[in-house]
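>>> coords below, sequence missing:
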């Protein structure tokens, strides 16, 4: 190979490596709220808030009910809600949808059911799972004391927490099965947190002070 041919080959390889290094990560948007987005980046679920980069280096610039503007290595791009349909269905079925009006302190509250029993939820995208205090768990008849123990942080300091598996969780027309939950040993009377173990299986968007949850599949 001549010196010129070697130079061209080396330059081509450098361009290929440069292109690979700057390839955008695979980003799918699962939920949209004002200046907040629930996304999947290269298979990892993340909750992005405007101005704060993810571990992969993806930063949310802005978000509304329709689209998220993101930035990666100085390059901006947009993503709307993911509309993936699994190959298990020969025809797309109508997706079930729930609309929740904004409540006090700008939170979203909604009645629902856990294992068929009525509960009150507060939507919390910052909660990894569905979380409740031990009194509510006892009322629901959950066998939480045999679950894996962990240390939970609360407003009053540290508290014991236990993992549980919930047979069914329902909000409006959306019912999901085998959902992870957590029981916190605390004397708080707050509503049950409807966290990401449920929300990650829905598409979220906000329209006119209303949170819309739409089942993905």
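That came through, no problem. Values in this document were obtained by computation on a predicted structure and should not be read as measured data. Numbers count the residues shown, from 1 in each chain.
>>> Could you tell me the end-to-end distance of stretch 191-198?
Taking CA to CA, to the nearest Å, stretch 191-198 runs 16 Å from one end to the other.
>>> nope, stretch 34-50 is what I meant
Here the two ends of stretch 34-50 are set 9 Å apart, with distance taken as CA to CA.
>>> Residue 186 contacts residue 132, doesn't it?
No: counting by CB atoms under 8 Å, residue 186 does not reach residue 132; the two are 9.8 Å apart. For the C-beta atoms, the positions are set from N, CA and C on the backbone; glycine is no exception.
>>> And these two? Which one has more around it.
Set residue 186 next to residue 132 and count neighbours by other CB atoms under 10 Å: residue 132 wins out with 27 against 19.
>>> how about low-confidence regions in the protein?
1-22, 82-95, 153-157 (pLDDT under 70).
>>> Just give me how far the strand of greatest length in it sits from the chain centre.
Identified as the longest strand of the chain according to DSSP state E is strand 157-171. Here strand 157-171 is found 17 Å from its chain centre; the criterion is CA atoms, centre = their mean, to the nearest Å.
>>> partner residues bridging residue 110?
Assessed by DSSP bridges, residue 110 has beta-bridge partners residue 121.
>>> ok, it - how many residues close by?
Applying other CB under 10 Å, we find 20 residues neighbouring residue 110.
>>> Who are the contact partners of it?
For residue 110, the contact set (CB atoms under 8 Å, 6 or more residues apart in numbering) comprises 98, 100, 120, 121, 123, 171, 172, 194.
>>> What is the nearest of those to residue 182?
Nearest to residue 182, judged by CB to CB, of the contacts of residue 110 is residue 194 at 12.3 Å.
>>> pretty sure that closest one contacts residue 130?
Yes: at 6.2 Å, residue 194 and residue 130 qualify as touching, with contact defined as CB under 8 Å.
>>> What residues sit buried inside the longest strand of the chain?
159, 161, 162, 164, 166, 169, 170, 171 (16 or more other CB atoms under 10 Å).
>>> any idea how far residue 215 lies from residue 69?
For residue 215, the distance to residue 69 (CB to CB, to the nearest Å) stands at 26 Å.
>>> Now do the same contact list for residue 35.
Residue 35 neighbours (CB under 8 Å, 6+ apart): 49, 50, 60, 62, 63.
>>> which one of these has the most neighbours?
Among these, the one with the most neighbours (other CB under 10 Å) is residue 63, at 26 neighbours.
>>> Tell me what the nearest residue to it once chain neighbours are set aside is bridged to.
In this structure, residue 63 finds its nearest non-sequential neighbour in residue 37, 4.8 Å apart by CB to CB, 6 or more residues apart in numbering. Note on residue 37: beta-bridge partners by DSSP bridges are residue 32, residue 48.
>>> and this protein, what are its domains?
For the chain, the structural domains run 3-80, 97-215, going by automatic domain parsing.
>>> Mind listing the residues bridging to the nearest residue to residue 178 once chain neighbours are set aside?
Spatial nearest neighbour of residue 178, excluding adjacent residues (CB to CB, 6+ apart): residue 165 at 6.2 Å. Beta-bridge partners for residue 165, by DSSP bridges, are residue 180.
>>> Identify the residues contacting residue 165.
With contact set as CB under 8 Å, 6+ apart, residue 165 has these partners: 178, 179, 180, 181.
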